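A.B. asks: sequence and predicted structure, then a few things I'm wondering about:
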Protein chains: 2
Amino acid sequence: MSKVIRIAVDAMGGDGSPKKIIDGIAHHNKNSKSIFYKIFGDKEKILSNLPSGLSKDVYEIFDTKNNVKGTDTPLEAAKRGKDTSMWLAIESVKNKEADAIISAGNTGALLVIAKLNLKMIENIDKPALSALWPNEKGMSVVLDLGANIECSDKNLIDFAVMGSSVFKSLYPNEIAKVALLNIGSEEMKGNEVIKETYQKLNRIKSSDYEFKGYIEGNNLMKGDVNVIVSDGFTGNIALKTAEGTANFITKELKKTFTNNIIGKLSGLINYFNFKKFKKRLDPRLYNGAIFIGLDSPVIKSHGATDYIGFSNSLSVCEKIVRGDLISKIKSNIA
Amino acid sequence: MSKVIRIAVDAMGGDGSPKKIIDGIAHHNKNSKSIFYKIFGDKEKILSNLPSGLSKDVYEIFDTKNNVKGTDTPLEAAKRGKDTSMWLAIESVKNKEADAIISAGNTGALLVIAKLNLKMIENIDKPALSALWPNEKGMSVVLDLGANIECSDKNLIDFAVMGSSVFKSLYPNEIAKVALLNIGSEEMKGNEVIKETYQKLNRIKSSDYEFKGYIEGNNLMKGDVNVIVSDGFTGNIALKTAEGTANFITKELKKTFTNNIIGKLSGLINYFNFKKFKKRLDPRLYNGAIFIGLDSPVIKSHGATDYIGFSNSLSVCEKIVRGDLISKIKSNIA
């Protein structure tokens, strides 16, 4: 049996918590056996929502009386947040009482409180937020998604190394192929930082990843590369635009299949195919952003996801701990 | 009968020219009667491709012996391009012999040659590339899409004014609602330039548009605003990412409807609904980027589009000339 992994769970963040969080844990526990969940939150509320199937052996509840709110600024949260479920969950990782921390709460607060409590990995200047994107051939790791608005070439190179480590910890048998997100036409190709990063990544000989040059937004989902690097501003714009486009198209598609009897009939006949299609693009599948660069894994679940989405982000926690992400980053950055 | 509009057409740019271009003109001419096409290109090739339906009264061919190539850098094109179809078409606008110029050729070359030949509109520092995007309620104008990698607050405010003018010249009965493309979480909201632009746009009282604040990528296609402003790097990333996402999803959808007999059958039954869906998202409908800030309209058709797409970008030319775009920009910027 594999080593037991201890996940510190902030049970009070995101919509519908703590119920969603606890249901997510119960769902995750059905398939993942060697996990111990350290649940931080309002004990009374958690107990009253506890699903019957969850064995007492796999969790412990740490009663916390305060929460970070979705409307708190990171500064507010950091100042008066020392007794919150989020802070205390992070602290348990700091104290080596847990192997990873996960929260579906306030992103800005999570980043700031994690930075305050956890040490940076040596030689990395800035932590980054990374996430998984679907592509035609599988999955890509994209970073930074908003932790750092402005980045130096050193930061972007660090992101390349860290993103490759995330990819390899999730897909140990595949090769990490790195590209820099940039714009198209030759003469205006990128700003100075991107050009400089390109030159340096081209010169570095690494056995941890292959550098594939620039990638444009229209090729992000082709799957020719699987680690996509950009500054946090650009990455966030790309992520959100992809999300908006996907929503727009599926809404238009839905209209097609509901605005007349033939559409409805065909939709009905094709029920299982549609289900497959929806499943392939289900954002819950890709839930779980990883905040990397700190000496412990910090995972952010989407606040609006449901218990299945939260369960999937618990799987991300599990995979990167088993895949030894932090050691990989340390040895690759050296 | 409305005033005859003269469009200078570079017939030699993009895939499949000049045939595609001439077919596009013939297709456009079926519905748009008061247009005179000044066609610049290889006369022999143009004549041998001329569709029989096109009346001799609606066009004139200007024989040009040289072309800008897709692989030319803008500098190369500008240096040795004075006898190219692109240059001469632009020159005819400069000499007031045409009301707008359109090309499906090399974007960088078109921008640079247009800037070399045409005057800037007074008080505008940088021209921008704008295009139409579909949204849930209709269409938006998005700019800049790549002409300017770095922009000042002054540039972004100019883009807001110019984008509103484009929108109003296309949709005279609607209100231009402007937003700044930015990223989400509070504490990291935007860089200094965006914040400064926000403050200034908030203070300006304009009767030409309503300023609606920031917009995130996931709301670009909701249609709550219809003029979206960003620097050229960010705008290009957003445009290309949306394109890539749309391609990815429609490919996945296609798989659903071809990978088994039920899918195929349902696709067949639903043929007309699918056609409607495809039509709604057909990129040819949105073909035609407008290069604005110069004292004549310069329109860029996608190089890879077909004659229908090219015909649609001729319609964009026609609309913005009839909508008096340049005068609108001049009076709104004053």
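C.D. replies: Noted; the coordinates are in hand. Predicted model only: the values in this text are computed from it and were never measured.
A.B. asks: for the closest residue to A:Val142 other than its chain neighbours, helix, strand, or coil?
C.D. replies: Residue nearest to A:Val142 in three dimensions, not counting chain neighbours: A:Ile228, with 4.6 Å by Cβ to Cβ, 6 or more residues apart in numbering or on different chains. In this view, the C-beta of every residue, glycine as well, is placed from N, C-alpha and C. Per DSSP: H, G, I helix; E, B strand; the rest coil, the local secondary structure of A:Ile228 is strand.
A.B. asks: list the contacts for A:Ile228?
C.D. replies: By Cβ atoms under 8 Å, 6 or more residues apart in numbering or on different chains, A:Ile228 lies in contact with A:133, A:140-143, A:163, A:178-181, A:215, A:220.
A.B. asks: can you pick out the most distant pair from those residues?
C.D. replies: The largest separation in the contacts of A:Ile228, counting by Cβ to Cβ, is between A:Trp133 and A:Leu180 at 15.6 Å.
A.B. asks: contact partners of stretch A:96-103?
C.D. replies: Contacts for stretch A:96-103 (Cβ under 8 Å, 6+ apart): A:5-10, A:13-14, A:38, A:86, A:89-90, A:92-93, A:110, A:114, A:288, A:296-301, A:313-314, A:317, A:320-321.
A.B. asks: do that again at 6 Å, thanks
C.D. replies: Residues outside stretch A:96-103 that contact it (Cβ atoms under 6 Å, 6 or more residues apart in numbering or on different chains) are A:5-10, A:13, A:38, A:86, A:89-90, A:92-93, A:110, A:297-299, A:317, A:321.
A.B. asks: and the closest residue to A:Lys38 other than its chain neighbours, how many neighbours?
C.D. replies: Distances taken as Cβ to Cβ, 6+ apart place A:Ala8 nearest to A:Lys38, at 4.7 Å, with adjacent residues excluded. Other residues within reach of A:Ala8, judged by other Cβ atoms under 10 Å in any protein chain shown, total 29.
A.B. asks: how about residues contacting the helix or strand containing A:Ala8?
C.D. replies: Here A:Ala8, judged by DSSP states H and E, is contained in strand A:5-10. If you take Cβ under 6 Å, 6+ apart as the criterion, strand A:5-10 is touched by A:35-40, A:85-86, A:89, A:92-93, A:98-103, A:105, A:317-318, A:321.
A.B. asks: likewise for stretch A:153-170?
C.D. replies: For stretch A:153-170, using Cβ under 6 Å, 6+ apart, the contacting residues are A:124-126, A:128, A:130, A:141, A:143-144, A:176, A:178, A:193, A:196-197, A:200, A:208-209, A:226-227, A:229, A:290, A:292, A:319-320, A:323, A:325, A:328-329, A:332-333.
A.B. asks: tell me where the model's unsure across the stretch 51-200 of chain A.
C.D. replies: Applying pLDDT under 70 to the stretch 51-200 of chain A picks out residues A:185-188.
A.B. asks: ok, 90 please
C.D. replies: Applying pLDDT under 90 to the stretch 51-200 of chain A flags residues A:51-53, A:71, A:73-75, A:80-81, A:108, A:134, A:138, A:146-147, A:149-150, A:184-192.
A.B. asks: the stretch 201-334 of chain A too?
C.D. replies: Scanning the stretch 201-334 of chain A with the threshold set as pLDDT under 90 gives A:204-208, A:243, A:246-288, A:304, A:332-334.
A.B. asks: in it, which spans are helices?
C.D. replies: For the stretch 201-334 of chain A, helices defined by DSSP state H, counting those that start in this stretch occupy the ranges A:232-256, A:261-269, A:271-281, A:307-322, A:325-333.
A.B. asks: need these in CSV with mean neighbour count and distance to B:Ala242, can you?
C.D. replies: Conversion of these to CSV gives the following (neighbours: other Cβ atoms under 10 Å in any protein chain shown; distance: least, Cβ to Cβ, whole Å):
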stretch, mean neighbour count, distance to B:Ala242
helix A:232-256, 22, 4
helix A:261-269, 15, 25
helix A:271-281, 15, 15
helix A:307-322, 22, 24
helix A:325-333, 18, 31
